[in-house]
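Participant: generate coordinates for the sequence data below:
(2 chains)
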There are 2 protein chains.
Amino acid sequence: MRGTLIHAPGDIRFGQVPDPEIVEPTDAIVRIAATCVCGSDLWPYRGASPIAEPRPIGHEYVGHVESVGSEVASVQPGQFVIGSFFASDNTCPICHAGYQTSCPNRQLVNGCQAEYVRVPLADGTLVTTPDEPDADMIPDLLTLSDVMGTGWFAAVAAEVKPGMTVAVVGDGAVGLCAVLAARELGAAQVIAMSRHSPRQKLATEFGATDIVTERGDEGVERVKELTHGLGADAVLECVGTDQSMHQAVRSARPGGNVSFVGVPHGVNLPITELFATHIALRGGPAPVRAFLPDLIDRVWHGAIAPGTVFDRTLPLDQVADAYRAMDERQAIKVLLQP
Amino acid sequence: MRGTLIHAPGDIRFGQVPDPEIVEPTDAIVRIAATCVCGSDLWPYRGASPIAEPRPIGHEYVGHVESVGSEVASVQPGQFVIGSFFASDNTCPICHAGYQTSCPNRQLVNGCQAEYVRVPLADGTLVTTPDEPDADMIPDLLTLSDVMGTGWFAAVAAEVKPGMTVAVVGDGAVGLCAVLAARELGAAQVIAMSRHSPRQKLATEFGATDIVTERGDEGVERVKELTHGLGADAVLECVGTDQSMHQAVRSARPGGNVSFVGVPHGVNLPITELFATHIALRGGPAPVRAFLPDLIDRVWHGAIAPGTVFDRTLPLDQVADAYRAMDERQAIKVLLQP
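Facilitator: All right, here's what the predicted structure looks like:
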């Protein structure tokens, strides 16, 4: 088949790669209907992690089941499915507690920027749509595989409840989805921190009530001004840098909640500040699987349309251009069609 | 009056000090019926924080209202009261959210190892007992001023719920009270980490179902063995060192909750580990005021008797001996009688 390999920072190549095969009887092969580039794909692209040899990349996918192993019972060839970037058994106590991305049997689903992908633990990982989706719904469904699921987790981990004031740090696709999640979960006020006009516009469409363009201390002050001097009840950190994390903690009210869903890079948590302010912290790779049934339902019935985070669509063989556009912030998020 | 001053690390002196006076119309003066030495008093005693000049010390108190300022409405002279170590207005949104120790108007109540103490914001801070307590209930009530309230917050901040598995790191008086709190909140299993026989005994009396004597990696392994290999649902960190915090985080199950109530000293939070395991964190100075009505009720009706954390009672003028006994771990906690 044809697929994507990252050879080195900045070096994304599309070409012939080995076909994925059923390895375990619990595997499924999915024929990719749409995939995309994740903000976290940009970390190795930008040289933040070593690349010893060319390797497959991409972990977001929707598509049709092509084949299944002998023990797979819940999905069958031809069905349209969505899965998380981490395969999970979905039967252990950790999965039952809603943390499928911490499942002791978890396995990364990798190499999705390709025509086909092998999904381990298919019964625990893949969720079918009620029917074959219309083509225009596919971008919405694709976001559920990671970016919308991650924005949702940001809101859930910060325990967003109806009536709350929420601030979102980060205006990438995840941050924008976090705005949408906060609105869906009933937040009374959603403050998006963004200084890029197209992203501000999308944040507003997704339910942001206020836009804060300032960063650092000034950004924190603006959030406090908008929240009766207190800080937000919940702050959703969707970047992963030391600066963004400190901004998030300082934007929360005493006793408030901060979630963090961007993979942390060089973050030093301010323990003394957390202690002094009673601010709670929960983060991690989003347990997307926990949210899929609910989020598929919301998309299917038109309650949410997160697919608008894709502001560019390219054929899969132009994947290198997709990385470049996102790296240079010319695009928020690029959808790729095999 | 007579009271305690700390002059330098290791140098506690009892003698004549100025009488406290009503400064603000919202103040009350409390005649101390009993006070005690806190684990956190040992930090300056051991030289962890600078002492520029002799200063009053002690922040735990129960006693009778001696006098009140002109604006105090909820307590009156003669009533028996308990208050938190932080005075708070108890009317602002932060207090209403249950974080009185983050109240924007908070003030430390200090100098309680004395005959009298000034309590600011008396209406927001002091809670009366239903009646004059019997002498033998005073140790129980005194614990509510800090140590039991702090153990309670450790359990609340880690969201202990009926049926949960709970581990408590630290066998000081706070850790022991945290065991009792976890039991009261319905934990199915309470693992106390302790290697001191008298403390193990008290932990068991307070409801510990298991004692783990190992520390570090071995302690973590033992907790996992006792919790089906997963780690505890909730871990209550009641020490405040880097070692104890890491032990707490590593003893929690993925997606579990860690609370921390010991003032952090030199703690580096393992952000990557927290991210990878979805473990939530909340800590801080316990908002004792939030729990006082409920805890007074539990003591009054005999549901809890946390006063047994006091394994020594001394007259207040022997306060220096009390510090020495606790510093040398000859006593868990010393009650002082003016």
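
Participant: need the CA coordinates for stretch A:238-252. CSV is fine.
Facilitator: What follows is the C-alpha trace of stretch A:238-252 in CSV, where atoms were taken according to Å, rounded to 0.1, in the frame of the first residue of the first chain:
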residue,chain,number,x,y,z
CYS,A,238,-4.1,22.6,25.4
VAL,A,239,-0.5,23.4,24.5
GLY,A,240,2.0,21.5,26.7
THR,A,241,4.8,24.1,27.3
ASP,A,242,6.0,25.5,30.6
GLN,A,243,4.7,28.9,29.7
SER,A,244,1.2,27.8,28.8
MET,A,245,1.0,25.6,31.9
HIS,A,246,2.0,28.4,34.2
GLN,A,247,-0.5,30.7,32.4
ALA,A,248,-3.2,28.1,32.9
VAL,A,249,-2.5,27.6,36.7
ARG,A,250,-2.4,31.4,37.2
SER,A,251,-5.7,31.9,35.3
ALA,A,252,-7.7,29.5,37.6
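
Participant: figure out how far it is from the centre of its chain.
Facilitator: Distance, stretch centre to chain centre, for stretch A:238-252: 18 Å (CA atoms, centre = their mean, to the nearest Å).

Participant: what's the answer for stretch A:326-338, then?
Facilitator: The chain centroid and the centroid of stretch A:326-338 are separated by 14 Å, computed with CA atoms, centre = their mean.

Participant: list the buried residues for that stretch?
Facilitator: The neighbour-count criterion (16 or more other CB atoms under 10 Å in any protein chain shown) identifies A:326-327, A:331-336, A:338 as the buried residues of stretch A:326-338. Placement of C-beta: from N, CA and C, glycine included.

Participant: quick one: end-to-end length of that stretch, please.
Facilitator: Terminal residues of stretch A:326-338 are spaced 19 Å apart (CA to CA, to the nearest Å).

Participant: name the residues that touch it?
Facilitator: For stretch A:326-338, the external contacting residues (CB atoms under 8 Å, 6 or more residues apart in numbering or on different chains) are A:2, A:32-37, A:39, A:42, A:45-46, A:113-115, A:139, A:142, A:147, A:172-173, A:176, A:196, A:198-199, A:202, A:309-316, A:318-319, A:322, A:324-325.

Participant: residues of the stretch 201-338 of chain A that sit close to chain B?
Facilitator: Proximity of the stretch 201-338 of chain A to chain B is confined to A:228, A:230, A:253-255, A:260, A:263-264, A:267-269, A:271-272, A:274-285, A:287 under the rule CB under 8 Å from any CB of the partner chain.

Participant: redo that, cut-off 7 Å
Facilitator: Taking CB under 7 Å from any CB of the partner chain as the contact definition, the stretch 201-338 of chain A meets chain B at A:230, A:253-255, A:263-264, A:267, A:269, A:271-272, A:274-278, A:280-284.

Participant: repeat that for the stretch 51-200 of chain A.
Facilitator: Counting by CB under 7 Å from any CB, the residues of the stretch 51-200 of chain A that sit close to chain B are A:93-94, A:97-99, A:102.

Participant: domain parsing for chain A?
Facilitator: Domain assignment for chain A by automatic domain parsing gives A:2-146+A:287-337, A:148-283.

Participant: deepest in the core, which of these is it.
Facilitator: For those, the stretch with the most neighbours on average is domain A:148-283, a mean of 23; neighbours defined as mean count of other CB atoms under 10 Å in any protein chain shown.

Participant: I figured residue A:232 was touching residue A:168, is that so?
Facilitator: No: shown here, residue A:232 and residue A:168 do not form a contact pair, counting by CB atoms under 7 Å, at 9.2 Å.

Participant: what is in contact with these two at once?
Facilitator: With CB atoms under 7 Å, 6 or more residues apart in numbering or on different chains applied, the overlap between the contact sets of residue A:232 and residue A:168 consists of residue A:191.
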